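*Asks:* structure, please.
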Amino acid sequence: MFYHHHLNSKTLQKNHEQIYREFFSRNPLVISTPSVLLWSPIYSVGYGGLGVSGKLPGRHYVGIRKKESGNGRLVKFVSQKMYFPEDDSFKEKESITYYSEKVAKIYEDFLRKRGIKEAVEIEILEEGPVARGWHSTQAVCSAVSAALFLWYKICEKEEIANWKTMATERLIEDEKFNELVRLTWKAASYALGTFDDGYAILNSLIDSHYPMIFYHEKDPGYFDQYQDLGLDDPGSYYNFAEQLKWRAVRLEELFSLPEQPSWVLEYAIVYSGGECPLSHIYQAQIKYDERLSGLAKFIRKTFEKTVPKSFRARPYFLEPSYSEKESPGIILFKKYRESSVVLSSEFIKRFYELYRIGYVTDRILEFFKAINLCETFAKVLGQVSPRVDNICSILTRMGKEVNELGVGAKLIAEGILGDILVVGPYQSVRKTIEKAQDEVQRLIGQPLYCEYASWCDGEENEGMRIEQMMSENLYSPFISPQTYVLREINADGAVASSLISFEEYQKRIAGFDLLGDLDEKKIYIKGNLLSSSDIHSTKATLETLNKFFEKQRVQLSARELDISSYQDRNQMESKIARPLVAAFKKYTGKKLNLVISGGLGTNYSLTFDSNGHKIGLIGKK
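*Replies:* Got it, this is the predicted structure:
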């Protein structure tokens, strides 16, 4: 059996159209970024190696809108829906504390330093699973940063388009793009609880037809990555993002390659049946440190008296146990890690050979060997669970039975559980997964589910994408190409404006105590459309209300109102004020503070106080 639902934006949008329709109707600005697949060893970048990564067609959408209430957080994450391939469904995350309590702080600090006070709400829709190796946190943070830059006009949409295709040699010198990258890097690191390697952030932001290579200066924290000394302290682990120099380069910029890749292999991503928080990795490393420190002490105690005095220097194997700056365990652990740095460099050569030379048996075998070594190194470093290691062993064994070249298999998640990458010659990977199905199911108690298959789900080469920007008349296909300007009176009497779609307008009508449509000449009270039996002149009533929204004052004189045919007090009171107050009482059971005071004729004033009622006017942009 082969368990798989197609995972790409086109298929998901077709099968779950209503979810996308509702999402886009609520958010006037939507940015998406792709998921990222790491080919090279996990954690090699932080220690000075290369991050070699590609894009996956499952995208992460971030919608942004003006916050309805100005009180509380400047950046509020309101919901997060994620797609689960194994049951072909989107599920709401019950709590998004992950973002609202951590990531929001980074963004609010950034905005406040720019003097920005307008609050926003952020909604997340993800086409891939979380905590399995798709780098969803980095992709979401990239989309959030880009959305905030556009919303607050820190950058223009033309700059986004330019950055996506700009040569990386120029891109690293672009100050505003660097600001975007470092903000994202900082936010992602804070969310993950450790300093992020950065490769997924760059790959999710810019376009590339071939794998992306990323490296940066050596991570200054390494094992000591949990120090949170405050947002403004450079010693806080997430602030390393503001200090390190980085470099990203597309493979096609390094070598002369065809415009479109010709890929001689296929690959799939299968689910191991569990996820693991990133924090567990560092707990595992601490235990590894303790174990290796114990080993160093044992070796020192055993051998230090055996070293001849004629030795000009202490034997290399004893050096770690004499260290005073770092624990012996950390020194030994770093020596293990150096192997993954070497292996990360080897991936560049292997990709170059595959794209330039094509299907050559010994080159393919070397590529599979590199993939399998990633799994071996991760196991040695305690970064792979026995379950994942057993699944990889079964897959590589079955791959040999399907094809003499076999397959490569490795964990792609940053935790000890998650998703496994399987790479093989054409028409071999599906057969390998099917052949391994029974044995794996006995091992993990559930089918081996294929979340992504390159031969049927396609590939991705685009980075960040503006999916919808109503202010620039850019609309998603899921909503009507018409934008409305909604003005609301806040509790303090100020008027706040926002852009909404026609679909969102229709959904919000019943939520207003009083809502006037300036274009259709309609007035709704608690969703009830007023008729001629409720009110004498809808047009004149709307003109009157609009004057208060424009002037943003609670009291206006007859001259300021300047409503033709209704300047006389008796006309204003009998034809506009009294009928509207009566209709409001009829449908809400509450009093509307619309009161006339002063003399007769045109010597009067009209007072309109929202008094906590939800009151708005809407019109086409």
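*Asks:* not counting sequence-adjacent ones, nearest residue to residue 63?
*Replies:* Here the nearest residue to residue 63 in space, its sequence neighbours aside, is residue 27; by C-beta to C-beta, 6 or more residues apart in numbering that works out to 2.8 Å. (C-beta placed from N, C-alpha, C; glycine too.)
*Asks:* residues touching the one you found, list them.
*Replies:* In this structure, residue 27 makes contact with 63-65, 123, 468, judged by C-beta atoms under 8 Å, 6 or more residues apart in numbering.
*Asks:* select only the buried ones of the residues you listed in PyMOL?
*Replies:* A single PyMOL command suffices to select whichever of the contacts of residue 27 are buried according to 16 or more other C-beta atoms under 10 Å:
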select buried, resi 63+64+65+123+468
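*Asks:* need the contacts of residue 27 in a markdown table with pLDDT, secondary structure and distance to residue 442, can you?
*Replies:* Compiled in a markdown table, those are given as follows (pLDDT from 0 to 100; DSSP: H, G, I helix; E, B strand; the rest coil; distance: C-beta to C-beta, whole Å):
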| residue | pLDDT | secondary structure | distance to residue 442 |
| --- | --- | --- | --- |
| 63 | 97 | strand | 43 |
| 64 | 97 | strand | 47 |
| 65 | 94 | strand | 49 |
| 123 | 96 | strand | 41 |
| 468 | 96 | strand | 47 |
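*Asks:* need the max-distance pair from the contacts of residue 27.
*Replies:* The largest distance within the contacts of residue 27, taken as C-beta to C-beta, falls between 123 and 468 and amounts to 12.2 Å.
*Asks:* nearest to residue 257, of the contacts of residue 27?
*Replies:* residue 468 (33.7 Å).
*Asks:* which residues pair with that closest one across the strands?
*Replies:* When bridges are assigned using DSSP bridges, the partners listed for residue 468 are residue 30.
*Asks:* by mean pLDDT, flag the weakest helix or strand of the protein.
*Replies:* Taking all helices and strands of the chain together, the one with the lowest average confidence (mean pLDDT, DSSP states H and E) is helix 97, at a mean of 60.
*Asks:* show the subsequent helix or strand relative to that helix.
*Replies:* Remark: after helix 97, the chain's next helix or strand is helix 104-113, criterion DSSP states H and E.
*Asks:* which secondary structure elements does that next one sit against?
*Replies:* With contacts taken as 3 or more C-beta pairs under 8 Å, 6 or more residues apart in numbering; DSSP states H and E, helix 104-113 sits against strand 75-84, helix 136-151, helix 175-192.
*Asks:* residue ranges with poor pLDDT in the chain?
*Replies:* Judged against pLDDT under 70, the low-scoring parts of the chain cover residues 69-71, 94-99, 220-226, 277-288, 490-493, 564-566.
*Asks:* let's see 50
*Replies:* Low-confidence regions of the chain, defined by pLDDT under 50, span residues 224-225.
*Asks:* quick one: strands adjacent to the helix or strand encompassing residue 618?
*Replies:* Using DSSP H and E, the secondary-structure element containing residue 618 is strand 615-620. Strand 615-620 has these partner strands in its sheet, going by DSSP bridges: strand 483-489 (antiparallel), strand 514-517 (parallel).
*Asks:* ok, residues contacting the first one?
*Replies:* Going back to what we said before, that points to strand 483-489. Counting contacts by C-beta under 8 Å, 6+ apart, the residues outside strand 483-489 that touch it are 28, 68, 470-471, 473, 475, 495-502, 505, 508, 549, 610, 614-621.
*Asks:* which of the contacts of residue 27 lies closest to residue 184?
*Replies:* residue 64 (15.0 Å).
*Asks:* what's across from that closest one in the sheet?
*Replies:* With DSSP bridges as the criterion, residue 64 is bridged to residue 29, residue 122.
*Asks:* and for the nearest residue to residue 431 once chain neighbours are set aside, the neighbour number?
*Replies:* Across the structure, with C-beta to C-beta, 6+ apart as the measure, the residue nearest residue 431 apart from its sequence neighbours is residue 402 (4.7 Å). A count of neighbours around residue 402, defined by other C-beta atoms under 10 Å, yields 21.
*Asks:* contact partners for residue 402?
*Replies:* 424, 428, 431-432, 435.
*Asks:* so which of the residues you listed is the most crowded?
*Replies:* For the contacts of residue 402, neighbours tallied by other C-beta under 10 Å; top is residue 424, 28 neighbours.
*Asks:* pretty sure that one sits against residue 409.
*Replies:* No. Under the criterion of C-beta atoms under 8 Å, residue 424 lies out of contact with residue 409, with a separation of 9.1 Å.
*Asks:* anything in contact with each of these two?
*Replies:* With the criterion set as C-beta under 8 Å, 6+ apart, the overlap between the contacts of residue 424 and residue 409 is residue 399.
*Asks:* would you agree residue 37 falls within a strand?
*Replies:* Yes. Read with DSSP: H, G, I helix; E, B strand; the rest coil, residue 37 is one of the residues of a strand.
*Asks:* specify the beta-bridge partners of it.
*Replies:* Applying DSSP bridges to residue 37 gives these bridge partners: residue 54.
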